[in-house]
Each structure stands twice: as C-alpha cells, then as structure tokens.
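**Student:** structure for this input, please:
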Amino acid sequence: MPRRSAGILMWKRDGGLRVLLVHPGGPFWAKKGAGAWTIPKGEYLESEDPLAAARREFAEEMGVELRGDFLPLGEIRQKSGKQVVCFAIENNFDVKALVSNTFEIEWPPRSGKKRSFPEVDRAAWFTAEEARKKINPAQRELIERLAAAVERNA
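**Tutor:** Have a look, this model is predicted:
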C-alpha cells in the first residue's frame, strides 16, 4: 500500500492568483530551493478522513486551524510513489505568523547528538508562475487544477 498524504493549497487574489507554499525544515532541505517547496501536508491512515487529516497537518505545520469552504483538487502521485490528496481554500495567511511543530534527528549523522528542527522552516506567497518553479514537480498539477477552478468561478 503506497503512503498517503493530505494537504492544503491556500490561495488568494492579489493582483492575480497567489498560492502559499512551505519549505521543509531540517538539514537535508536547508540549501534546496527550486523543486523543494511543497503544499503543507502530512501522512494519514486509510481509515482517516483526508480533509480532516489535511486540516490537522496544516495546523501542525503552520500553527493555524482552518475552517471554511474547501475545494477538492484531487490526488497526485509523487516520484516516491506517495499519493497526495489536496484541498484548496482561499485565505490570507500571514507568513510571519508561522509556528511549526518540530522533529528530532541525530545531527550531525553518527554524532550521537539529537537536534530538533521545525517541520517547516518558512512559508511564502508566490504567483502561480513562480510557484510552478518552486514546488515539488509532481505537485505542479495541483496549481494547474486550482488555476482552472479559480478561472471557472471568476
């Protein structure tokens, strides 16, 4: 059974479509830029409701609980095989308010020392064009689906 994640693609209208992406925290991602950004998301059990899981993961990674009308964007498969189901919501999150949960790993490797890192080290708003360059390539399709839905409902 492939691993499954649920996430939220937040968007706003600000001189055009803008989307909120996050940069993963920790030493592996520290110097990675293009292709490393992602939607806030996390794994969930098959028995869980995907939207409830997406809202939980957003709260853990961003420090804010979301309520409102969510637009299902469907599912994509990442290069790793992980399936990601995504929901979109229009909102204006203040990136300076980011408060991420943390994880602990041995760092540096084989040092015997444990260090704590934020799951998400930063968040930013991007135009759809900028986001297509920053986001994990498999997740680009989510931006396309959102852009089409926003245009249909304009």
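
**Student:** regarding this protein, what is its longest strand?
**Tutor:** Ranked by number of residues, the top strand in the chain under DSSP state E is strand 4-13.

**Student:** ok, residues contacting that one?
**Tutor:** 17-20, 38-44, 46, 50-51, 53-55, 57-58, 66, 70, 73, 82-93, 125, 142-143, 146, 150 (C-beta atoms under 8 Å, 6 or more residues apart in numbering). For the C-beta atoms, the positions are set from N, CA and C on the backbone; glycine is no exception.

**Student:** over to stretch 33-40?
**Tutor:** Taking C-beta under 8 Å, 6+ apart as the rule, stretch 33-40 contacts 7-10, 20-24, 29, 57-58, 61-62, 84, 86, 120, 123-124, 131, 133-137, 139, 142.

**Student:** from these, which land in helices?
**Tutor:** 57-58, 61-62, 131, 133-134, 142 (DSSP state H).

**Student:** ok, Arg56 - how many residues close by?
**Tutor:** 16 (other C-beta atoms under 10 Å).

**Student:** grab the nearest non-local neighbour of it.
**Tutor:** Gly42 (7.5 Å; C-beta to C-beta, 6 or more residues apart in numbering).

**Student:** list the buried residues of stretch 96-105.
**Tutor:** If you call a residue buried by 16 or more other C-beta atoms under 10 Å, then stretch 96-105 has these buried ones: 98, 100.

**Student:** what's the end-to-end length of it?
**Tutor:** Stretch 96-105 has its terminal residues 26 Å apart, counting by C-alpha to C-alpha, to the nearest Å.

**Student:** residues in contact with that stretch?
**Tutor:** Taking C-beta under 8 Å, 6+ apart as the rule, stretch 96-105 contacts 25-26, 60-64, 114-123.

**Student:** so how far is that stretch off the chain centroid?
**Tutor:** Distance, stretch centre to chain centre, for stretch 96-105: 13 Å (C-alpha atoms, centre = their mean, to the nearest Å).

**Student:** adjust the sequence numbering to begin at 5 for everything that follows.
**Tutor:** Yes, from this point I'll number from 5; that puts the last item at stretch 100-109.
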